[in-house]
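Enquirer: What would the 3D arrangement of this be:
(2 chains)
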Protein chains: 2
Amino acid sequence: MEENKEQSKSALKKAEKAAQMAAKKAEKAAKQATLPVVGGKKADDIIGITVKKSENFSQWYQEVVLKAELIEYYTEISGFFIMRPATMYIWNVIRKWFQEHIDELGVEETNFPMFLSQKSLEKEKEHVEGFAPELAWVTKAGDKDLEVPVAVRPTSEAVMYPWKPDYAKWIRSHRDLPFRLNQWNSVVRWEAKQTTPFLRAREFMWQEGHTAHLTEQAAGEEVLQILEFYAGVYEQLLAVPVVRGRKTEAEKFAGGYYTTTVEGYIPSNGRGIQGATSHCLGQNFSKMFDITVEDPAEKGKHIHVWQNSWGLSTRVIGVMVMIHGDDKGLVLPPRIAKIQSILIPVGLTAKMSAEEKDAHMKKVDELLATLKKAGIRADVDTREGYTPAWKFNDWELKGVPLRIEFGPKDAAKDVVSYARRDTGEKGTIPIAELTTKVPELLETIQQDMYNKAEASFREHRLKIEKWDDVVPALDAKNVVIIPHCLVPDCEDKIKELTTGRSDEAAEGPESQKAPSMGMKSLCIPFEQPEGLVKGETKCLNPECSRLAEQWCMFGRSY
Amino acid sequence: MEENKEQSKSALKKAEKAAQMAAKKAEKAAKQATLPVVGGKKADDIIGITVKKSENFSQWYQEVVLKAELIEYYTEISGFFIMRPATMYIWNVIRKWFQEHIDELGVEETNFPMFLSQKSLEKEKEHVEGFAPELAWVTKAGDKDLEVPVAVRPTSEAVMYPWKPDYAKWIRSHRDLPFRLNQWNSVVRWEAKQTTPFLRAREFMWQEGHTAHLTEQAAGEEVLQILEFYAGVYEQLLAVPVVRGRKTEAEKFAGGYYTTTVEGYIPSNGRGIQGATSHCLGQNFSKMFDITVEDPAEKGKHIHVWQNSWGLSTRVIGVMVMIHGDDKGLVLPPRIAKIQSILIPVGLTAKMSAEEKDAHMKKVDELLATLKKAGIRADVDTREGYTPAWKFNDWELKGVPLRIEFGPKDAAKDVVSYARRDTGEKGTIPIAELTTKVPELLETIQQDMYNKAEASFREHRLKIEKWDDVVPALDAKNVVIIPHCLVPDCEDKIKELTTGRSDEAAEGPESQKAPSMGMKSLCIPFEQPEGLVKGETKCLNPECSRLAEQWCMFGRSY
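Expert: Residues are numbered from 1 along each chain as shown, chains lettered A, B, ... in the order given. Coordinates of the predicted model:
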């Protein structure tokens, strides 16, 4: 990946530029399309997504996040994005869910300053090296130079752990353990790489948990509890399947002991994507910053605490968009949709009298009230000057899971008509059954979305035992699980060996860059396949002479 | 105030240093006091607040916020504070309450980047000048200089309004108005002035609302709606009375049209304190950044929108601490207390058998369950190795509103004993009436705390009609309401005339600095006293020849 960075970067830039041009054009067209409405005219030419997901995935993604009003580019400073209300709604659902779960664990909320000092940074070398190139340095206040520059946090280990009067002081006795803090904030990592909405930004929102434990075992248990919450955010809220596993030494958190992760998969380009990570920091930081408690088993002996840190960012939203979206735009799982069901009056023809229309609209209001009473997040689209077809497109673009149409013909039969956003499936529901059938249908949509994504990930996670099968598998949009020695050098070699090998397969702008990317390790899945014989099975890398330690999942990745 | 800044600064510094030394000493003592407990011994010497509120208010405050575990100094970078879980709990109660109220108004949540560009800053001169000396400038990323430095937001007007593709674009038609956004974040203002926990910090948490309206009237209505919510946070949650009013031209928000405010009062030193502000920005920013809609009354004509911005910060917590706290520590109003009632088993003597103790503790558990079931945020203190008296002090220090004691004597009478934190009043409650009497008592405490603070503010808000009465009134810890011309120059003169006039009254470290401070305008109260005759009553400033426009509240202030 590193080797072909320039190449793929220029391709990415081209694609992005095209996307931005298209977005601008669409914006202009949208303005023209909506402007006449103010004057009362109809405007049927909705501007949807201009490219197919299968044909130009990266442009498709950028159009979806813009047009579904999830984000906006911050044009003043590159690499930054504005989170619009549609995004904040989803993030708040996730925040609430996760907060409730960590509340039960006894995690407490804090807020530490956003800056860290050079001094505390210098304490933990390994950790610092990982972040140094991306630190944003404040060197001036007003027109005065600061005596000592301060950096905006890229993460808060070096903000929270370093010094006596704070974190270390709060832990006085082993009876204060486990000691668990969490904060919701944003961090800054001034990426040199190409940024992508949600997936890679120079500032992003997340939560960061920081905890201390008496033993490795206690720390390890929490690492997995938290990882399971992260899996829950993906699977239960976002309908996104993930693989749970441990990062290899090469890919673990800088300065940590080990890193666990949930890994996702983007079917459109076959890439893996890191979902969220839960780290055991071991005693590295507690030794560096001298955070100790008296050993309960031996008076007078002080032991360094075992620490964890764990973070989940708004990246989860990008993964969800990529997996579920389609050529019409965003597709939201019902559990995180602000509007789960949009009600659209239809069939109100010019021939109808004002009284007939009013009577119908009164029924529409009743339907809305019924849906809301049943606990459904429902809304009605009564905008004038737009045809039902225009409204259908508009709500599809924004991903609303269930459209309910109601016209005079429906009214005559005491039913509503519906259309599922995920499958396009249409049907009717008797009005009398609305309060039970709609929640059921929303649950079905949630489940079906997960099942579809899960089947796709399962089918594209190939257990591979011959090296020659690797690149063809990647080219066919799979991630691979291979026997591996877990040595960092070998990972580098594997990346090199799988880079730029299949340029002959290139077609279309997407594959122009994808095949040139080497694969890297995603995780060592906790669920190990059968067939690896310790001391016998060789590492799959043909240039590696070591024995395989475990099955390791590799893939092209974000 | 400006004139005697150096003088009062050095006094403040001295007081702070003393507070920090005392805190360090207390810390050390606390460590010694708690350490033996690990070994199972008793430690009765609790380290509470070491000075009286009435004798050294500034040290008292610093000890309370530290020892009640609300904040911690961020020793690495001066002027920054760590918000501990006790603070975050209070802030989250306020956040939830305020969010529910603005949700009803249709305000939507966003998150804009934390940086602003030099270019957008330069657009609105007046606004920029207000913040320029306090801007934290990022000039480097990693080891590379940024081509254009970026500043950390001191507030987000210049982040959100400046450019077409974002804020302005979202408002396309007058039908999109009112357009209301809010974000919860932290902002950085690199103060040169002495910082104080909660009241003045280089980074602080707040919410900032930014809205756009079609007319001045619509904007003005919202300004007052929001101000009323801010008053609600103080009065209904924090039991703190405020005066609603408008800021004078001299004190309004830089670049705005007018500023409304809720103003508080600190009885201990007689100073006024700005509580929270709701600004009408007028069309200043919309003209600067060209945010327009088509006039619904006249096709083709574009009008600049009317904008508001409004913010409430964690300062509210500092005000609450200053007003309610006492010589024993923090006093929390029940509505914002994480633990409303702490249950402490008492009277368990060495003579009792293990069975008797177990039986008693089982009853304690039942009491806790009963309290929780009644919706009371209750907890029990079963820590071993501490006497009840030590526990009483500890929970008093932390401000828990209601202590419930339960010993064998109480059990024999089927009652619990209680002690109110605010008044120290003691009594008993029959166990059978616990679920009704405790919530009633908590409500009474909330109300009494408000009433006490309200009476104090009312008594110390003096309507003054003779200039010679002003300084004596300030020295007697009052704020004053005087007839005023509302001209900025006159305010400067008043500050000058009231500065350093009563050094002869100095006694003790607190008054060494307080009397030297001049008074500034706090607000023009919406509720105007009687007696000002327009065109007749003169401005109270003896060196001002203008007529009075309104009654204006002045005071020494934070």
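
Enquirer: Secondary structure class of the residue in the stretch 351-500 of chain A that chain B sits nearest to, three-state.
Expert: Using C-beta to the nearest C-beta, the single residue of the stretch 351-500 of chain A nearest to chain B is A:Arg383, 8.9 Å away. Just so you know, the C-beta spots here come from the backbone N, C-alpha and C atoms, and that holds for glycine as well. Using DSSP: H, G, I helix; E, B strand; the rest coil, the structure places A:Arg383 in coil.

Enquirer: pretty sure A:Lys351 is in a strand, no?
Expert: No: the assignment for A:Lys351, made by three-state DSSP, is coil rather than a strand.

Enquirer: And the residue of the stretch 351-500 of chain A closest to chain B, how close does it get to A:Ala136?
Expert: As for A:Arg383, its distance to A:Ala136 is 43 Å (criterion: C-beta to C-beta, to the nearest Å).

Enquirer: With A:Ser417 instead?
Expert: Per C-beta to C-beta, A:Ser417 is found 53 Å from A:Ala136.

Enquirer: Neighbour count: these two, which is higher?
Expert: The neighbour count for A:Ser417 versus A:Ala136, taken as other C-beta atoms under 10 Å in any protein chain shown, is higher for A:Ala136 (25 against 18).

Enquirer: In this model A:Val187 seems to touch that one, though I could be wrong.
Expert: No: contact between A:Ala136 and A:Val187 fails when scored by C-beta atoms under 8 Å: they sit 10.0 Å apart.

Enquirer: Report the set of residues contacting both of those two.
Expert: Common neighbours of A:Ala136 and A:Val187, counting by C-beta atoms under 8 Å, 6 or more residues apart in numbering or on different chains, are A:Val152.

Enquirer: Show me where the stretch 1-150 of chain A has its strands.
Expert: Using DSSP state E, counting those that start in this stretch, the strands of the stretch 1-150 of chain A run over A:71-73, A:81-83, A:108-109, A:115-117, A:136-141, A:144-152.

Enquirer: is any part of the second one close to chain B?
Expert: Yes: with C-beta under 8 Å from any C-beta of the partner chain as the threshold, strand A:81-83 lies in contact with chain B, specifically through A:Phe81, A:Ile82, A:Met83.

Enquirer: Same question for the shortest one.
Expert: Yes: applying C-beta under 8 Å from any C-beta, one finds strand A:108-109 touching chain B at A:Glu108, A:Glu109.

Enquirer: strand partners of that strand, parallel vs antiparallel please.
Expert: strand A:179-188 (parallel) (DSSP bridges).

Enquirer: Which SSE is immediately downstream of the strand it pairs with?
Expert: Where DSSP states H and E defines the elements, the next helix or strand beyond strand A:179-188 is strand A:203-213.

Enquirer: Who are the packing partners of the next helix or strand after that next one?
Expert: Moving toward the C-terminus from strand A:203-213, the next helix or strand (DSSP H and E) is helix A:216-232. Here helix A:216-232 touches helix A:85-105, strand A:203-213, strand A:243-246, strand A:258-266, strand A:271-282, strand A:306-313, going by 3 or more C-beta pairs under 8 Å, 6 or more residues apart in numbering or on different chains; DSSP states H and E.

Enquirer: A:Thr370: which of those is closest?
Expert: helix A:85-105 (23.1 Å; C-beta to C-beta).

Enquirer: Which strands and helices lie in contact with the closest one?
Expert: strand A:179-188, strand A:203-213, helix A:216-232, helix A:315-324, strand B:108-109.

Enquirer: quick one: it to strand A:179-188, angle?
Expert: If you take axes from the mean of the first three to the mean of the last three C-alpha atoms, to 10 degrees, helix A:85-105 sits at 160 degrees to strand A:179-188.

Enquirer: could you give the angle of helix A:85-105 to strand A:203-213?
Expert: 0 degrees.

Enquirer: contact partners of helix A:85-105?
Expert: A:68-71, A:83, A:180, A:182, A:184, A:205, A:207, A:209, A:222, A:225-226, A:229, A:232-233, A:236-237, A:312, A:314, A:316-317, A:320, A:332, A:335-336, A:338, A:398, B:108-111, B:181.

Enquirer: How about the contacts made by A:Met322?
Expert: A:Tyr61, A:Ile266, A:Ser268, A:Ile273.

Enquirer: Then A:Gly325?
Expert: In this structure, A:Gly325 makes contact with A:Lys53, A:Trp60, A:Tyr61, A:Val64, A:Val331, A:Gly399, judged by C-beta under 8 Å, 6+ apart.

Enquirer: just checking, which of these belong to helices?
Expert: A:Trp60, A:Tyr61, A:Val64 (DSSP state H).

Enquirer: Name the nearest residue to the last one, ignoring sequence neighbours.
Expert: When the adjacent residues along the chain are set aside, A:Val64 lies closest to A:Gly325, with 5.1 Å between them (C-beta to C-beta, 6 or more residues apart in numbering or on different chains).

Enquirer: same check, this time on the second one
Expert: Residue nearest to A:Tyr61 in three dimensions, not counting chain neighbours: A:Met322, with 6.1 Å by C-beta to C-beta, 6+ apart.

Enquirer: what pLDDT does that neighbour get?
Expert: Confidence at A:Met322, expressed as pLDDT, is 98.

Enquirer: Roughly how far does it sit from chain B?
Expert: 21 Å (C-beta to the nearest C-beta, to the nearest Å).

Enquirer: before we move on, what about A:Ser156?
Expert: Counting by C-beta to the nearest C-beta, the gap from A:Ser156 to chain B is 11 Å.

Enquirer: How about the contacts made by that residue?
Expert: With C-beta under 8 Å, 6+ apart, A:Ser156 has these contacts: A:Phe112, A:Leu116, A:Gln183, A:Asn185, A:Val187, A:Glu208, A:His210.

Enquirer: Could you dump those residues into a markdown table with neighbour count and pLDDT added?
Expert: Shown next, in a markdown table, are the contacts of A:Ser156 (neighbours: other C-beta atoms under 10 Å in any protein chain shown; pLDDT from 0 to 100):
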| residue | neighbour count | pLDDT |
| --- | --- | --- |
| A:Phe112 | 25 | 94 |
| A:Leu116 | 26 | 91 |
| A:Gln183 | 19 | 96 |
| A:Asn185 | 17 | 96 |
| A:Val187 | 21 | 95 |
| A:Glu208 | 22 | 96 |
| A:His210 | 26 | 94 |
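
Enquirer: between those residues, which is closest to chain B?
Expert: Out of these, the member with the shortest distance to chain B (by C-beta to the nearest C-beta) is A:Phe112, at 5.3 Å.

Enquirer: Before we move on, what's the pLDDT of the nearest residue to A:Thr215 once chain neighbours are set aside?
Expert: Leaving aside its chain neighbours, A:Thr215 sits nearest to A:Trp306 (6.3 Å; criterion: C-beta to C-beta, 6+ apart). Looking at A:Trp306, its pLDDT reads 95.

Enquirer: residue contacts, A:Thr110?
Expert: For A:Thr110, the contact set (C-beta under 8 Å, 6+ apart) comprises A:Leu181, A:Asn182, A:Gln183, B:Ile82, B:Met83, B:Arg84, B:Pro85, B:Met88.

Enquirer: farthest pair in the residues you listed?
Expert: So, the contacts of A:Thr110 by C-beta to C-beta: farthest apart are A:Asn182 and B:Ile82, at 13.8 Å.

Enquirer: Which residues of the stretch 401-550 of chain A lie near chain B?
Expert: Near chain B, when you scan the stretch 401-550 of chain A using C-beta under 8 Å from any C-beta, you find nothing.
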